[in-house]
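> 3D model of this:
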Amino acid sequence: VSRLPATPLVRLLAGLLVLAAALLGSSVPRAFAAESVASYAVEGSIAPDGIVTVQATITFDGTAPASLVQRFATTREVLGDREYVFRVSDVKATIGGQPIDATVTDDGRYTTVTMPTQGATAPVVLSYAVHGAATAEPTGETTVAWRLLQGLSLPVKQFTATLQVPSMIQLVQCEAGPPASPGVCGFWGGGTHDYPDPTFNDGPRGAGEIVEVIVRFPSGAVAVNEQIRELWTLGRAFSTQPLPLGLALGLLALGGGLFWALHRRIGRDAMGAGDPTLVADFHPVGAGEAEFRVRDGVRPGQVGTLVDERVDPVDVTATLLDLAVRGHLRIEELPKSSKYAEGEWTFTRRSGADELRPYERTLLDAVAPEGGGAVAVSELPEAIGTVIGTVQDQLYDDVVELGWFAQRPDQTRNVWFRAGFGLFAVGVLATILLAAFTSFGLVGLALIAVSLLVIFLGQEMPARTAKGASLMNGLGLLRAQLLGHPTDQMPKGRELHELSEVLPYAVVLGGSERWLHALVAADDDEHADSKDLDWYHAPDDWNLSDLPASLARLVTTIQGKLFAR
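Numbering: from 1, shown residues only. This is a model prediction of the structure:
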């Protein structure tokens with residue numbers, strides 16, 4: 001086999017041949033996947049039952065892509081807190097009359113159809129049916145609205161549609177453009193005797209843009225098949241529409257009225273037929289003189305509990321003062337270690353002559369144990385911390401035993417508190433459920449309001465018996481005397497003792513300051529008065545003029561120590 005010599009001429013010719021082949025190859029057309037849809041042609045119909053049937057013929061502008069996706073919105077919000085719900089069914093796709101394996105997914109908001117179109121040479125035909133597009137108008141007509149073009153993965157150059165309708169139509173419209181702010185279509189018409197079926201024409205449209213057709217029928221021509229779903233909003237959950245608002249107001253009125261009736265029936269003091277029962281008064285014993293006399297041994301702690309239906313710090317403090325005045329206890333103010341030191345007092349047991357009520361004995365044994373030494377006020381938390389609850393219980397039992405209350409006031413309050421709290425829990429649960437699933441959340445709030453009424457006003461439900469009510473009226477007279485009776489009419493020589501007896505009652509009923517000043521005024525000498533009061537002793541340089549300030553500090557300290565536990 002002979003070979004041509006590799007001369008420069010031969011090499012030049014070979015290079016020219018390679019270049020020509022390259023230029024020739026570059027001039028041959030190449031096939032690219034379509035970047036748009038040439039036409040999207042719809043043939044549809046609206047059935048008398050409101051179902052919309054759609055057949056869309058999709059022709060690609062060039063070689064078919066690997067897949068084509070169309071996404072249908074199956075919900076649409078309307079004015080207020082509602083939305084329309086659509087159902088896309090019977091989805092089928094063919095190419096050249098042959099079915100293709102289209103994938104249909106539904107996430108509750110969108111139905112997505114994915115069609116494999118790799119190598120397709122014929123148009124894709126997509127068919128489906130829509131349920132829920134026929135909605136009711138307030139005037140009785142039926143409006144059918146559906147986005148024939150929506151959610152397509154490719155832009156569309158030309159859109160056309162024809163809808164077969166079961167009757168004459170009253171209105172036809174067409175909107176096109178971005179889903180959030182569509183404008184008007186390029187053309188629509190029909191709905192006349194000559195052309196009863198409406199037609200639509202639009203384009204071009206970008207990927208994902210919509211073409212929506214709207215057709216309105218006279219009443220009875222097309223059945224309404226709308227599906228409306230209520231959306232949860234705060235305004236809907238607590239709707240002020242007439243029905244939920246009326247029920248809530250009605251529940252408030254019923255609950256308030258029922259509680260008012262119960263309060264009048266079982267929470268109001270019994271009406272006594274007799275005159276007010278006097279607890280104590282100022283009994284004349286001479287010209288311009290009167291002594292303070294307590295009737296039936298009613299004690300200041302009992303008085304305070306009867307007045308406000310509670311055993312509170314004032315009642316316990318008044319009881320301590322009363323025990324001291326009656327000779328069961330001595331209060332001694334100790335000298336201060338420095339000018340700025342806190343005040344200190346001690347309680348010392350004495351042998352009083354009169355009987356003690358159970359609550360008085362418990363309190364006395366705690367603050368001044370029999371046979372024990374003096375107890376400092378600063379030690380009160382440890383001394384009575386474990387018995388103060390017992391003192392309160394015994395005092396509540398005492399006023400029931402005396403016939404002033406039919407039931408312990410604290411137990412009555414507890415019953416109503418538990419009832420109110422239970423109702424509150426029911427109200428909270430009802431509010432959550434009603435607000436979550438209905439528009440009657442206000443009813444739950446009304447129930448909560450009623451429960452709060454029971455909780456707070458239920459504390460006023462303890463009721464005095466006729467005996468207690470009569471005694472309460474008598475306390476009103478005593479209070480008037482404590483606030484207005486002259487303080488300088490005590491029997492001569494017994495002023496300090498008589499004024500001291502008044503003091504515990506004035507602490508719970510009012511007027512203690514004027515009786516303290518009366519004690520100061522009763523001081524008829526210039527000497528120190530550290531031992532003038534047998535129930536209150538003080539440092540050697542102490543005077544009765546110091547008593548108001550000393551007792552004010554003592555009361556404040558006792559109440560702080562007793563109840564800051």
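> in this protein, which spans are helices?
Per DSSP state H, the chain carries helices over the ranges 8-26, 234-237, 242-266, 300-308, 313-325, 358-367, 380-384, 388-401, 409-437, 441-457, 466-484, 495-509, 512-521, 547-563.
> Give me the residues contacting the shortest one.
By that I understand helix 234-237. Helix 234-237 is contacted from outside by Asp81, Glu230, Leu434, Ala435, Ala436, Thr438, Ser439, Gly441, using Cβ atoms under 8 Å, 6 or more residues apart in numbering. Using the backbone N, CA and C atoms, a C-beta is placed for each residue, glycine as well.
> Is it possible to get TSV of the residues you listed that adds neighbour count and pLDDT?
Below are these laid out as TSV (neighbours: other Cβ atoms under 10 Å; pLDDT from 0 to 100):
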residue	neighbour count	pLDDT
Asp81	16	79
Glu230	13	85
Leu434	20	96
Ala435	21	95
Ala436	10	93
Thr438	15	91
Ser439	21	91
Gly441	24	96
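> which stretches of this protein have low pLDDT?
Within the chain, the stretches with pLDDT under 70 are 1-33, 272-274, 562-565.
> export the helices of the chain to a markdown table and tack on distance to Ser167?
As requested, these are exported to a markdown table (distance: least, Cβ to Cβ, whole Å):
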| stretch | distance to Ser167 |
| --- | --- |
| helix 8-26 | 61 |
| helix 234-237 | 36 |
| helix 242-266 | 37 |
| helix 300-308 | 81 |
| helix 313-325 | 86 |
| helix 358-367 | 92 |
| helix 380-384 | 91 |
| helix 388-401 | 84 |
| helix 409-437 | 40 |
| helix 441-457 | 44 |
| helix 466-484 | 82 |
| helix 495-509 | 90 |
| helix 512-521 | 95 |
| helix 547-563 | 85 |
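> Select, out of the ones you listed, the one closest to Asp106.
helix 409-437 (24.0 Å; Cβ to Cβ).
> Mind listing what's buried along that closest one?
By neighbour count with 16 or more other Cβ atoms under 10 Å, helix 409-437 contains the buried residues 409-410, 412-413, 416-417, 420, 423-424, 427, 430-431, 434-435.
> what would the residues you listed look like in a markdown table with distance to Ile388?
Listed next are the buried residues of helix 409-437 as a markdown table, based on distance: Cβ to Cβ, whole Å:
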| residue | distance to Ile388 |
| --- | --- |
| Pro409 | 17 |
| Asp410 | 14 |
| Thr412 | 21 |
| Arg413 | 18 |
| Trp416 | 24 |
| Phe417 | 21 |
| Gly420 | 26 |
| Leu423 | 31 |
| Phe424 | 29 |
| Gly427 | 35 |
| Ala430 | 40 |
| Thr431 | 39 |
| Leu434 | 45 |
| Ala435 | 44 |
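> contacting residues around Asp523?
Asp523 is in contact with Asp529, Asp532, Asn543, Leu544, Ser545, counting by Cβ under 8 Å, 6+ apart.
> Swap in 10 Å and give it another go.
Counting by Cβ atoms under 10 Å, 6 or more residues apart in numbering, Asp523 touches Glu495, Leu496, Asp529, Asp532, Asn543, Leu544, Ser545, Leu547.
> Give me the number of neighbouring residues for Ile95.
Using other Cβ atoms under 10 Å, the number of residues around Ile95 comes to 19.
> May I have the beta-bridge partners of it?
Assessed by DSSP bridges, Ile95 has beta-bridge partners Gln98, Val124.
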